[in-house]
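Engineer: Fold the stuff below for me.
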Amino acid sequence: MNTPRRWWRSTIRVRLTLLYAGAFFLAGAALVALMYFVMGQALDRQLTARVGVAEHLPQETSGSQQLAHEAQDKLRAQFEKDRDDTLNTMLVASLISLGGVGIIAGGFGWLLAGRVLHPLQQITTTARRVADRNLSERIALDGPDDEFKDLADTFDAMLERLDRSFDSQRRFVANASHELRTPLTLNRTLIEVTLDDPQPNEPLRQLGTTLLAINQRHERLIDGLLTLASSEQTITDPTPVDLADIARHISTHAHDPAHHANTDLRTDLHPAPVTGDPVLLERLTQNLVDNAIRYNLPTHGTITITTGVFNGHARLTVENTGPPVPAYEIPTLFEPFCRLPSAERVADSSVTSISRGAGLGLSIVAAVAHAHGGDVHATPGDDGGLAVVVVIPVALEWSRPDSQ
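Structural biologist: Predicted structure coming up:
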């Protein structure tokens, strides 16, 4: 579920600007209050001095004394009014000036914060590019030896270690692909040659059949491990591909296994263009269909494969009937070598336990989806089984090739 974007983001630059402006307003308010107090004290002293001068004026008669007292009271009231007007005028002018200068200071604070945070923006931009596993890029920040320079150098050192680690993993996958598969292929060939001998006794034939099944399981295990490792690498040469074409190809070859498992395979395929590795996407679809066939009902089971584009993402969905799967056990499905204790292969229960897979099917699906910038999730069916949904960003600049 997409969270709605707010119209305003509380970025560091905004917070620094507000901090600068807030500090300026607090300092300005304190200065205005101090000036108001000092100005009030000065005006009070002037008022006292003026009133004192008026009281010492010569007064000749009692009538004139009464008029003088009234004049002094009026003069005091006028002095007090003038003082209050002066203080209010000074206060209003100071607050207006403080507001105007504060807005200008906030603008300068915004510019200065952007200038100070520019190295951090450069680090963030590089980190976003590296997020696509372009580990060969470095920040190489120039400037004074400050905290930002230390952060950039630390980030570059981390990228260097990650680059070496991923490069070592790529070399291991390339070497293991040959070194591990070759002896297993040789073993399989020797066992098959032995079983082709028309004269072997029955115990030898049973032993050869068992060894051949074990060897095939080891081949599937190694093939799954190598696929899992390679799917976690960078998609070095992405090409346009339609998930509908891949699903159509896989479903065509899966009709016979589904028929032998008494399962009805249905498809509802609409264009779902993506950009990625066709081999890995084919393996993703193959694993989903294989699991849907194996973990199904013994009779009258169904599998439905659908593709299409929804909300800017290509979607591949594989639904099947089968035994109920508790919702709390679903996250375990996508972990390597994990099988649910409640999940039994009802559709091929006649096959011996040697033919069981390595528990890598859905973990490979998740790794391939993530390598293509997508995601995968599963939900239990109301009557059992699962609905596994793979979503991958749609290829915007893609035109469907003409069918031959």
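Engineer: how many other residues sit next to Asp145?
Structural biologist: By other C-beta atoms under 10 Å, 8 other residues sit near Asp145. From N, CA and C alone the C-beta is placed, and that goes for glycine too.
Engineer: err, Ile250, not the other one
Structural biologist: 21.
Engineer: residues in contact with the residue nearest to it when sequence neighbours are not counted?
Structural biologist: Spatially, and ignoring its direct neighbours in sequence, Ile250 is nearest to Thr285 (4.8 Å; C-beta to C-beta, 6 or more residues apart in numbering). Thr285 makes contact with Leu243, Ile246, Ala247, Ile250, Leu316, Val318, according to C-beta atoms under 8 Å, 6 or more residues apart in numbering.
Engineer: could you say which helix or strand contains Thr285?
Structural biologist: Using DSSP states H and E, Thr285 sits within helix 278-294.
Engineer: Tell me the helix or strand right after that helix.
Structural biologist: With DSSP H and E, the next secondary element past helix 278-294 is strand 301-310.
Engineer: That next one pairs with which strands?
Structural biologist: Strand pairing for strand 301-310, using DSSP bridges, gives strand 263-269 (parallel), strand 313-320 (antiparallel).
Engineer: can you list the ones you listed in a markdown table and add mean neighbour count and distance to Ala378?
Structural biologist: Output for those, formatted as a markdown table (neighbours: other C-beta atoms under 10 Å; distance: least, C-beta to C-beta, whole Å):
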| stretch | mean neighbour count | distance to Ala378 |
| --- | --- | --- |
| strand 263-269 | 17 | 18 |
| strand 313-320 | 23 | 10 |
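Engineer: Now do the helices in the stretch 51-200 of the chain.
Structural biologist: 62-130, 147-179, 181-195 (DSSP state H, counting those that start in this stretch).
Engineer: Then the stretch 301-404 of the chain?
Structural biologist: Along the stretch 301-404 of the chain, the stretches classed as helices by DSSP H, counting those that start in this stretch are 361-371.
Engineer: list the contacts for Gly385?
Structural biologist: With contact set as C-beta under 8 Å, 6+ apart, Gly385 has these partners: Tyr295, Asn296, Glu319, Asn320, Thr321, Gly322, Pro323, Val325.
Engineer: low pLDDT regions in the stretch 1-150 of the chain?
Structural biologist: Scanning the stretch 1-150 of the chain for pLDDT under 70 picks out 1-10, 50-65, 68-69, 71-72, 131-134.
Engineer: let's go with 80 and repeat that
Structural biologist: Along the stretch 1-150 of the chain, the model assigns pLDDT under 80 to residues 1-12, 43-80, 126-146.
Engineer: Can you tell me how far Phe155 is from Leu141?
Structural biologist: 9 Å (C-beta to C-beta, to the nearest Å).
Engineer: and for the two, which residues touch both?
Structural biologist: Both Phe155 and Leu141 are contacted by Ile123, under the criterion C-beta under 8 Å, 6+ apart.
Engineer: and the helices of the stretch 51-200 of the chain as TSV, adding distance to Ala387?
Structural biologist: Shown next, in TSV, are the helices of the stretch 51-200 of the chain (distance: least, C-beta to C-beta, whole Å):
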stretch	distance to Ala387
helix 62-130	33
helix 147-179	32
helix 181-195	34
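Engineer: and Ala371, which of those helices is closest to it?
Structural biologist: Proximity to Ala371 (C-beta to C-beta) singles out helix 147-179 among the helices of the stretch 51-200 of the chain, at 12.7 Å.
Engineer: quick one on the thing from earlier: among the helices of the stretch 51-200 of the chain, which is nearest Gly381?
Structural biologist: Of all the helices of the stretch 51-200 of the chain, it is helix 147-179 that lies closest to Gly381, at 36.1 Å by C-beta to C-beta.
Engineer: Okay, angle between the closest one and helix 62-130 too, please.
Structural biologist: 20 degrees (axes from the mean of the first three to the mean of the last three C-alpha atoms, to 10 degrees).
Engineer: helices or strands up against helix 147-179?
Structural biologist: Here helix 147-179 touches helix 62-130, helix 202-231, going by 3 or more C-beta pairs under 8 Å, 6 or more residues apart in numbering; DSSP states H and E.
Engineer: residues near the residue lying closest to Gln216 once chain neighbours are set aside, how many?
Structural biologist: Using C-beta to C-beta, 6+ apart and skipping residues adjacent in sequence, the residue nearest Gln216 is Arg188, 7.2 Å away. Residues lying near Arg188 (other C-beta under 10 Å) number 16.
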